[in-house]
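Q: please find the sequence and the predicted model below.
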Amino acid sequence: MSAMLKPEASAPLVRLRDLGVTFVTRDRTVHAVNGVSLDLMPGEVMCILGESGSGKSVTLRALMKLLPKFARVSGGIEVAGKDVTKMSEGQLTAFRGTDVAMIFQEPMTAMDPVFTIGRQIAETVQRHEKVSRTVADARALELLELVQIPSAKRRLAAYPHELSGGLRQRAMIAVALACRPKLLLADEPTTALDATVQIQVLLLLRELQEKLNMGVIFVTHDLGVAGEIADKVAVMYAGRVVEEGPVGGLLSGPLHPYTQGLLGATVHSGMRGQRLTTIPGAPPMLDVAPTNCAFSPRCPQVRDECLARVPDLRSPIPGRAARCVLV
């Protein structure tokens, strides 16, 4: 497919087909993502859930081709009708920011500490839209007001270290939205924030997504976050999607034992004095790609057929799917 195809109106904004990512170094090989296939429609919000090391962030970075040179990528990656795998460096530079943008987990390391917030936003606008500095500065102010930063005009001259964690994250969102991207990627953007600020940022992201009609892929390990912001959820384990479906149905009636374990291990009100449920064991090392159900060593419902091969993704309910022999 050409890297510059125009997407159809009803086509998915994001189409991943059998995505694989392997990191190969002198010391070891890690099969971080193993055959991920996902679709995201325009204006839709998807949360990717899973423990650390399940391949969530690697999948997100593959969408922007931000992986290191020692990463081997296979499969298909299309965003807004464009084949990301075939893009040149020049095409990628134009693609990042206009078609897709990312909010990183820690804005203090993602933003340049020696430039003001206003300058960093304006520079992004100028780079992609070829406008004057005056127009770019006006756009920077508009964006700070859009993300509801108090005293926005004064904050334009502030450096990242002069803002609180919540305000820095809002500024990072403003940078990401500078060129009105069709797709916004958010890599655990609320993890470093306290609970009150976390809710504020989540509500802001959902409000902006609806206002700008963006597609959003939100990576998190917090099921509460998924319930707050998502339309649909994909659960990853050992580099594979093990369950996917609409957020309400998936959280109220999970099909895969791993998703059931995640829900059982979630802390909620009314649990004082109760023993917290845990998933026994630890996620697998991925030096070798799993040839059976990777969750089988930790699964309370394991059967002989789980050990024989990788289970197929089965769809017993319209819109729902799970990679489990019990489904």
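A: Nice, thanks for sending it over.

Q: hey, let's count contacts and neighbours off CA atoms from now on
A: Fine.

Q: tell me how far Y159 lies from D112.
A: 9 Å (C-alpha to C-alpha, to the nearest Å).

Q: cool, and L203?
A: From L203 to D112 the distance is 26 Å (C-alpha to C-alpha).

Q: could you do L262 as well?
A: 36 Å.

Q: who's more crowded, those two?
A: L262 (21 against 14; other C-alpha atoms under 10 Å).

Q: which ones are touching that one?
A: The neighbourhood of L262, defined by C-alpha atoms under 8 Å, 6 or more residues apart in numbering, consists of I279.

Q: in a helix, it, correct?
A: Yes. Per DSSP: H, G, I helix; E, B strand; the rest coil, L262 lies within a helix segment.

Q: CA atoms only for the lowest-mean-pLDDT helix or strand in the chain - export them in PDB, please.
A: The weakest-scoring helix or strand in the chain, judged by mean pLDDT, DSSP states H and E, is helix 107-110 (a mean of 73). The C-alpha trace of helix 107-110 is given here as PDB (Å, rounded to 0.1, in the frame of the first residue of the first chain):
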ATOM      1  CA  PRO A 107       6.300  15.400  30.900                       C
ATOM      2  CA  MET A 108       9.400  16.500  32.800                       C
ATOM      3  CA  THR A 109      11.600  14.200  30.600                       C
ATOM      4  CA  ALA A 110       9.500  14.600  27.500                       C
END
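
Q: mean confidence score for the helix or strand just after that helix?
A: Downstream of helix 107-110, the first helix or strand assigned by DSSP states H and E is helix 117-129. Average pLDDT, helix 117-129: 90.

Q: now for helix 117-129, which elements pack on it?
A: helix 89-98, helix 133-146, helix 165-176 (3 or more C-alpha pairs under 8 Å, 6 or more residues apart in numbering; DSSP states H and E).

Q: for these, which one ends up most surrounded?
A: helix 165-176 (a mean of 25; mean count of other C-alpha atoms under 10 Å).

Q: now for that one, which elements pack on it?
A: Counting by 3+ C-alpha pairs under 8 Å, 6+ apart, helix 165-176 packs on strand 100-103, helix 107-110, helix 117-129, helix 133-146, helix 195-212.

Q: how about these in a markdown table, adding distance to V325?
A: A markdown table is the format used below for the helices and strands packed on helix 165-176 (distance: least, C-alpha to C-alpha, whole Å):
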| stretch | distance to V325 |
| --- | --- |
| strand 100-103 | 36 |
| helix 107-110 | 42 |
| helix 117-129 | 48 |
| helix 133-146 | 47 |
| helix 195-212 | 35 |
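
Q: please identify the deepest-packed of those.
A: strand 100-103 (a mean of 24).

Q: doesn't R240 make contact with V33?
A: Yes. If you go by C-alpha atoms under 8 Å, V33 and R240 touch, sitting 6.4 Å apart.
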